[in-house]
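**Q** missing the sequence, but the structure's below:
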Ligand SMILES: N[C@@H](CCC(=O)N[C@@H](CS)C(=O)NCC(=O)O)C(=O)O
């Protein structure tokens, strides 16, 4: 429990990068919570009632009230628990706007490039997904330079809003390398991001909630094999 009579319950799924953001945010703020693992093929009544619009994880239930959408939850934690650690969002309104901009870039460009890569059925689609992923990483390299002002994190010396947004994908960077053979935050191409990742995964609060990379790799390989089998079945059906 969070302390002071607050009850926090997180509905998540072990492989969800969005749920990981919330686990990271709670961990960085030192807030304890009850964790409920959802089976997304058979969603609980609690999830459906708590997030009737999207029926997705993560949902944070604070004293019985549900809050949905990972980055909305991260902001909520800043506002609902002002005494729990440094705020993720900067105090200056312009810096706050910049942080929100980059967090939404991560969802719109980096995540969608990964989805494109993951869904790729042909070599051309795979090449396109790879190109988009590396281009998004290069853009984020510039964002990190701008936001960190020479300090280790997007938030400066401390973990900030963009660090949490990107941190949700930290375990995936390693898993992707194993499943797709693509090093996204490469030290030669994006040295700041590569150093950011190495530092981030070593933080005690991050380590405490990070999913097992081996399990993510296993899941990624299984999904890749299922996608390949579906493509082969479609090709066979067309040929017959
Ligand atoms: N924009 C949402 C994305 C959440 C999301 O896509 N969650 C996925 C798991 S990674 C989910 O619950 N999927 C279930 C479904 O689509 O039915 C956020 O940031 O929280």
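**A** Cool, the structure landed. Not measured: the values here are computed from a predicted model.

**Q** quick check: residue 185 vs the ligand, distance?
**A** Using Cβ to the nearest ligand atom, to the nearest Å, we find residue 185 at a distance of 21 Å from the ligand. For the C-beta atoms, the positions are set from N, CA and C on the backbone; glycine is no exception.

**Q** do you know the pLDDT at residue 100?
**A** Note on residue 100: pLDDT of 97.

**Q** same deal with residue 227?
**A** 75.

**Q** can you name every helix or strand that the helix or strand hosting it contacts?
**A** Element membership for residue 227 (DSSP states H and E) is helix 213-239. If you count contacts as 3 or more Cβ pairs under 8 Å, 6 or more residues apart in numbering; DSSP states H and E, helix 213-239 packs onto helix 112-119, helix 170-180.

**Q** what sits against residue 170?
**A** Listed by Cβ atoms under 8 Å, 6 or more residues apart in numbering, the contact set of residue 170 reads 197, 200, 201, 206, 210.

**Q** counting neighbours, what do you get for the first one?
**A** The number of residues packed near residue 197 is 20, by other Cβ atoms under 10 Å.

**Q** out of the contacts of residue 170, which is most surrounded?
**A** residue 206 (22 neighbours).

**Q** hmm, who's touching the helix or strand where it lies?
**A** Per DSSP H and E, residue 206 falls inside helix 204-207. Contact partners of helix 204-207, identified using Cβ under 8 Å, 6+ apart, comprise 24, 27, 28, 30, 159, 167, 170, 200, 201.

**Q** which of those scores worst on pLDDT?
**A** residue 170 (90).

**Q** just the pLDDT for the residue nearest to the spatial centre of the chain.
**A** Nearest to the geometric centre of the chain sits residue 168, at 2.5 Å (Cα atoms, centre = their mean). Reported pLDDT at residue 168 in the predicted model: 95.

**Q** same thing with the one 4 residues further on?
**A** Confidence per residue is given as pLDDT, and for residue 172 that number is 84.

**Q** relative to the ligand, how far out is residue 24?
**A** Per Cβ to the nearest ligand atom, residue 24 is found 13 Å from the ligand.

**Q** what's the neighbour count on that residue?
**A** Residue 24 has 26 nearby residues by other Cβ under 10 Å.

**Q** which helix or strand contains it?
**A** Element membership of residue 24, judged by DSSP H and E, is helix 17-28.

**Q** still on that earlier bit, wait, the residue nearest to the centre of the chain touches residue 17, no?
**A** Yes - using Cβ atoms under 8 Å, residue 168 is in contact with residue 17, at 4.0 Å.

**Q** good, we can wrap up now.
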